[in-house]
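> Give me a 3D structure for the following:
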Amino acid sequence: MSQHTLGSLIGADLEEKFQNFDLTEVQELLSELQSTDVIDLAHAENLQRLSLRGADILSEYMGRMIKTVGYLESQLNKVKNKVALEYKTADGKTTMDLRRFAAEASPEVEEINIKLAKAKAGKLVLDKKFDILIRSHHYYKDLASGYKKTIVGQSNINPTREKMPEGWE
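From the prediction side, this is the model:
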């Protein structure tokens, strides 16, 4: 059996190729959850399990996204500072404002900003899908709890009003 380390879950690269994350299984799970009506306890429990499976997949990707966003933000600051420090005007009169404007206008800064925007958008998508799956899990958990109550006789379907045996409440 192979060892699963935290490093293997969050990935070895500082900048993940997040646009290649395979969300096929998550999308299939979401589609199934959306189009399925719960019919009994076993079905509700299975849908709980499926929603947690999707959330588990997304949690690994979300960790990688947080790492990538953090890395890109640090790269952005590094490049901005480097460009600002290296900026010189022709007449030698360089102000802080000119340095800041030069850093903001730098093509390298723009390139990193675009990558960072994509990473933040990807993280937002994963966060929203994760939230949907966790909410679905709790919904199916509540349904399963309701089914369990009717199975063990806790609902008001006891017409003779007999006392339930101890331990079945």
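> Can I get the lowest-mean-pLDDT helix or strand in the chain in PDB? Just the C-alpha atoms.
For the chain, counting by mean pLDDT, DSSP states H and E, helix 6-10 ranks last in confidence among helices and strands (a mean of 70). Listed next in PDB are the C-alpha coordinates belonging to helix 6-10 (Å, rounded to 0.1, in the frame of the first residue of the first chain):
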ATOM      1  CA  LEU A   6       0.100  15.800   2.800                       C
ATOM      2  CA  GLY A   7       2.700  16.900   0.200                       C
ATOM      3  CA  SER A   8       1.200  14.400  -2.300                       C
ATOM      4  CA  LEU A   9      -2.300  15.900  -1.700                       C
ATOM      5  CA  ILE A  10      -1.300  19.500  -2.100                       C
END
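> Alpha carbons of the very next helix or strand once past that helix, in CSV - could you do that?
Proceeding C-terminally, helix 6-10 gives way to helix 24-35 as the next helix or strand, assigned by DSSP states H and E. In CSV, the C-alpha atoms belonging to helix 24-35 read as follows (Å, rounded to 0.1, in the frame of the first residue of the first chain):
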residue,chain,number,x,y,z
THR,A,24,-15.6,15.0,-14.4
GLU,A,25,-16.5,12.9,-11.4
VAL,A,26,-17.6,16.0,-9.4
GLN,A,27,-19.8,17.2,-12.2
GLU,A,28,-21.4,13.8,-12.6
LEU,A,29,-22.1,13.6,-8.9
LEU,A,30,-23.6,17.1,-9.0
SER,A,31,-25.8,16.1,-12.0
GLU,A,32,-26.9,13.0,-10.2
LEU,A,33,-27.7,14.8,-7.0
GLN,A,34,-29.7,17.4,-9.0
SER,A,35,-31.8,15.0,-10.9
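> Helix 24-35: which residues count as buried?
Using 16 or more other C-beta atoms under 10 Å as the test for burial, helix 24-35 gives 26, 29-30, 33. Any C-beta I mention is one placed from the backbone N, CA and C, and that applies to glycine too.
> swap in stretch 116-135?
So for stretch 116-135, counting by 16+ other C-beta under 10 Å, buried means 116, 119, 122-123, 125-126, 129-130, 132-133.
> one step back: of the buried residues of helix 24-35, which is the nearest to Glu86?
Closest approach to Glu86 among those (C-beta to C-beta): Val26, at 44.3 Å.
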